[in-house]
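>>> Show me how the following folds:
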Amino acid sequence: MKKFFLSIFMSVLIVGFTTISCRAEGGIRQKYVNYKGVKIYTEVYNYHSNSNEAIVFLHGLGGSHVHGEFLYNKSNPYMTITLDYLDHGNSGHVPSMSWNTQLNSIKAVLDSYGIKKVHLVGHSFGADTAMMFAEKYPNRVKDVVLLDRAYYNFKDLEKFNVTEDTMNILEYESESGLSYDEFLQYMDMSWNNDITKTWDIHKNVLLLAGNCKNFTGDPSTGTPSLAGVISMIKQNPLEFGIDPDKAKLLPNITEGNVLDLVNLLKEKSSEFGDVNKKFSVIQTGYAHGDMVRDADAMNAMRNYVIEYLKNGNRHINKSKNDVDHIYEHSVYKYNFLH
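Numbering: from 1, shown residues only. You can find the predicted model right below:
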């Protein structure tokens, strides 16, 4: 997808790279955590050697600790840990990945810092990881904030002709540090996972739902929908840096498919707050990728997280009409997992 973004969205990408949150260098510590002989890169903001409670940010597939830097802010009083998953960023690589490896490696990070209770904040694939971790290690989790995932299964999208091949082709970025084979392992973990099995956790969970612009596109800026992107790729795959044989794996997706998909996601996110009394939802006005890339969106995400934690998870209005309409612009890419 690199040629696609270079040729059509260069101005958008420039905005995206320049609005990443500023690092509060003075308050950051770096540390490598050993997990079965492999190093996991971590950073800590507001480090306290005697703290046994912290926020842990879990990034999306192909992302890194950088996507959690929006929490490095003086408004955040909590010790906050960000990390690179195995195979990602500055962390080491393993022969194969599984959910057990993913969750146990995160537990190793908590153990290394002496953290007994954690506030999990996860974006995209990281939101799924947060719920999976809370299911497996409930005694280590205090509460969870989900940035636009874990309220539906990826297999739900297949009825709209969105397949795993679609994600494999559109989502992989070599700059992530993941090899393509490593990426496929994570994709299989995510695509074949039934995240609804984690909905029985007895934890306070806040979902910050996105506005689905990563699927619908934005006519005001000439940004095509998912259907439009796939149509263009299938017509001229080499122009977008995609192997023609891979492009043949892309299904035909109509604008009607996209509309039905978006309606499903809005319905699923709205219903998430009814799963149990501990779950709450805010329908934000921000696109999926913007949440950890755009300055305005990141400020909003940080405010939501810190307010939720400071108020003991009690301030959320569970009304389905609780929508954040503040939205001025978007630097989103076609991110569904990261």
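
>>> Against residue 225, how distant is the residue nearest to residue 276 when sequence neighbours are not counted?
Leaving aside its sequence neighbours, residue 276 sits nearest to residue 199 (C-beta to C-beta, 6 or more residues apart in numbering; 7.5 Å). All C-beta spots, glycine's among them, are computed from the backbone N, C-alpha and C. Applying C-beta to C-beta, to the nearest Å, the value for residue 199 to residue 225 is 30 Å.

>>> more neighbours, the two?
Just comparing residue 199 and residue 225: by other C-beta atoms under 10 Å the higher neighbour count belongs to residue 225, 23 against 15.

>>> My read is that the more buried one contacts residue 255, right?
Yes: in this structure, residue 225 is within contact of residue 255 by C-beta atoms under 8 Å, at 6.4 Å.

>>> any common contacting residues for the two?
Counting by C-beta atoms under 8 Å, 6 or more residues apart in numbering, residue 225 and residue 255 have no common neighbour.

>>> so who does residue 91 touch?
By C-beta under 8 Å, 6+ apart, the contact set of residue 91 is 38-41, 83-85.

>>> With residue 89 instead?
Neighbours of residue 89 in contact, by C-beta under 8 Å, 6+ apart: 41, 64-66, 176-177.

>>> cool, residue 57 as well?
Contacts of residue 57 (C-beta under 8 Å, 6+ apart): 65, 67-68, 71, 80-83, 121-123, 126.

>>> same thing but at 7 Å, please
Shown in contact with residue 57 (C-beta atoms under 7 Å, 6 or more residues apart in numbering): 68, 71, 80, 82, 121.

>>> again, but for residue 88
Contact partners of residue 88, counting by C-beta under 7 Å, 6+ apart, are 64, 176-178.

>>> now do residue 173
residue 62.

>>> Show the subsequent helix or strand relative to the least confident helix or strand in the chain by mean pLDDT.
Lowest on mean pLDDT, DSSP states H and E among the helices and strands of the chain sits helix 10-18, with a mean of 28. Per DSSP states H and E, the first helix or strand lying C-terminal to helix 10-18 is strand 28-35.

>>> What residues of that following strand count as buried?
Of the residues in strand 28-35, 28, 31, 33, 35 count as buried by neighbour count, 16 or more other C-beta atoms under 10 Å.
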